[in-house]
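In: Test case, fold it:
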Amino acid sequence: MNKQPKYRQVADALRREIDNGAYPPGARLPSESELSARFAASRNTVRSGLNLLVTEGLISSSQGLGYEVRSHEVFKLNASRFENLSFPQNGDAYSTDVTNAGRRPHQTFRVEMLPAPEEIAAWLKVEAGAKAVLRFCHRYVDDVPWSTQATYYPGWLVEQAPRLAEPGDIAEGTTRYLADHGISQIGYFDEIATRMPTPEEARLLEIGAGVPVLLWTRTGYSDEKPIRCTITTFRGDLNRMNYEIGDLAGRNEDL
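Out: You can find the predicted model right below:
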């Protein structure tokens with residue numbers, strides 16, 4: 001006998017059917033009244049089960065339109081190769097990786113001068129409030145919001161690389177642009193964390209209830225000091241990150 005609450009039984013059954021393809025991405029689930037009849041449960045119980053799937057990010061609800069299975073075509077990002085100038089690139093690392101995956105990149109930009117926030121100043125090893133350049137990108141994969149990226153550069157760097165403070169894209173990517181101006185990134189430190197999105201992040205990334213974000217903070221270093229700090233915020237349901245470390249000669253296929 002199943003001792004789980006009825007609404008969880010409803011959610012479990014529908015989740016299995018979504019996972020096995022009975023309801024593919026974009027499909028609409030049966031109405032609440034149809035599900036009530038199927039599961040011999042009240043509409044409130046069915047609604048609770050459906051809301052559980054909404055919080056898990058599996059389905060979305062629209063007023064008057066019912067419940068729809070969300071698309072979950074995951075994008076895989078190789079964080080070891082990202083920005084690695086030894087690998088062939090067509091434009092910046094983001095455009096290269098998305099295009100190589102057979103998908104379509106699109107991004108918008110915002111550039112501004114501002115005082116370095118305390119946390120960013122600590123990464124860049126400058127005084128809090130010191131002048132910094134923020135290059136903010138809102139990135140899409142196949143017209144679906146993929147990530148936001150906020151990169152902070154110390155103010156002293158702009159004197160050597162003035163395009164950092166100019167609006168618009170740096171087509172070859174900022175890492176390559178800096179290297180061409182004698183400022184080579186020779187190493188980086190990564191920090192990865194997860195949390196629930198802020199309201200602004202949920203709006204920009206069009207995140208449904210219950211979907212977390214992945215925060216990837218990368219601080220890049222020249223041979224003398226930090227030259228930038230990048231915070232990339234990914235949708236947790238549409239992204240997977242991997243690293244390659246050491247000799248992988250025994251790895252026979254992509255995972």
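In: which of the residues in stretch 192-209 are buried?
Out: 197, 201-202, 204-205, 207-208 (16 or more other C-beta atoms under 10 Å). (C-beta placed from N, C-alpha, C; glycine too.)
In: Can I get these in JSON lines including pLDDT?
Out: Output for the buried residues of stretch 192-209, formatted as JSON lines (pLDDT from 0 to 100):
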{"residue": "Pro197", "pLDDT": "94"}
{"residue": "Glu201", "pLDDT": "95"}
{"residue": "Ala202", "pLDDT": "91"}
{"residue": "Leu204", "pLDDT": "94"}
{"residue": "Leu205", "pLDDT": "92"}
{"residue": "Ile207", "pLDDT": "83"}
{"residue": "Gly208", "pLDDT": "73"}
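In: Would you point out the most distant pair within the residues you listed?
Out: Distances among the buried residues of stretch 192-209 were taken as C-beta to C-beta; the most separated pair is Leu204 and Gly208, at 13.6 Å.
In: now, which of the buried residues of stretch 192-209 sits nearest Ser42?
Out: The shortest approach to Ser42 among the buried residues of stretch 192-209 belongs to Gly208, at 24.8 Å (C-beta to C-beta).
In: how close does the closest one sit to Leu35?
Out: 20 Å (C-beta to C-beta, to the nearest Å).
In: how many neighbours does Tyr152 have?
Out: For Tyr152, the neighbour count with other C-beta atoms under 10 Å is 24.
In: quick one: it and Arg8, what's the gap?
Out: 45 Å.
In: number of nearby residues for Asp19?
Out: The burial count assigned to Asp19 is 10, neighbours taken as other C-beta under 10 Å.
In: possible to save the buried residues of stretch 192-209 as JSON lines with secondary structure and distance to Asp143?
Out: Shown next, in JSON lines, are those (DSSP: H, G, I helix; E, B strand; the rest coil; distance: C-beta to C-beta, whole Å):
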{"residue": "Pro197", "secondary structure": "coil", "distance to Asp143": "20"}
{"residue": "Glu201", "secondary structure": "helix", "distance to Asp143": "19"}
{"residue": "Ala202", "secondary structure": "helix", "distance to Asp143": "18"}
{"residue": "Leu204", "secondary structure": "helix", "distance to Asp143": "14"}
{"residue": "Leu205", "secondary structure": "helix", "distance to Asp143": "13"}
{"residue": "Ile207", "secondary structure": "coil", "distance to Asp143": "16"}
{"residue": "Gly208", "secondary structure": "coil", "distance to Asp143": "17"}
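In: Let me have those residues in JSON lines, extended by distance to Leu215.
Out: Converted to JSON lines, the buried residues of stretch 192-209 look like this (distance: C-beta to C-beta, whole Å):
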{"residue": "Pro197", "distance to Leu215": "10"}
{"residue": "Glu201", "distance to Leu215": "10"}
{"residue": "Ala202", "distance to Leu215": "14"}
{"residue": "Leu204", "distance to Leu215": "14"}
{"residue": "Leu205", "distance to Leu215": "12"}
{"residue": "Ile207", "distance to Leu215": "13"}
{"residue": "Gly208", "distance to Leu215": "18"}
